[in-house]
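Peer 1: Any chance you can model this:
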Amino acid sequence: MNQEALISDVVGRLRQALGGLLPGGSADAVLDQARAALRQALDDVDLVPRRELEGHLDALESLRRTVEDLERRIRELETDG
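Peer 2: As a prediction, this is how the structure comes out:
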């Protein structure tokens, strides 16, 4: 989901939640402020798709195992030498 779609979804949910609580014009003003605040907050955050994050985590885990294996092999060589 891209940033604009996320903002629209959140603002839509807010509109439904606030629908009967605020008079028409003030609800629109609140939602406009919420939209601006969400845009600013999301601009400050680097978002990546879950699939990409999981791929990086898998690569890191593989590298961790490789480093552990190399450390073990070095210890073996040091004790044999």
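Peer 1: May I have the secondary structure class of the residue nearest to the spatial centre of the chain?
Peer 2: Central residue of the chain (CA atoms, centre = their mean): L47, 4.4 Å from the mean position. Secondary structure, DSSP: H, G, I helix; E, B strand; the rest coil: L47 is coil.
Peer 1: could you pull out the helices for this structure?
Peer 2: Along the chain, counting by DSSP state H, helices occupy 3-18, 24-43, 50-80.
Peer 1: What values do phi and psi take at the residue nearest to the centre of the chain?
Peer 2: phi -100, psi 140 (degrees, to the nearest 10).
Peer 1: Give me the distance between the closest residue in space to it that isn't next to it in sequence and E78.
Peer 2: Closest residue to L47 apart from its sequence neighbours, by CB to CB, 6 or more residues apart in numbering: Q3 at 7.4 Å. Using the backbone N, CA and C atoms, a C-beta is placed for each residue, glycine as well. As defined by CB to CB, to the nearest Å, Q3 lies at a distance of 52 Å from E78.
Peer 1: So if I had to pick from these two, which one is more boxed in?
Peer 2: The residue with more neighbours, out of Q3 and E78, is Q3; 13 against 8, by other CB atoms under 10 Å.
Peer 1: so who does that one touch?
Peer 2: Neighbour list for Q3: R39, L42, L47 [criterion: CB atoms under 8 Å, 6 or more residues apart in numbering].
Peer 1: Give me the domain ranges for the chain.
Peer 2: 1-47, 48-81 (automatic domain parsing).
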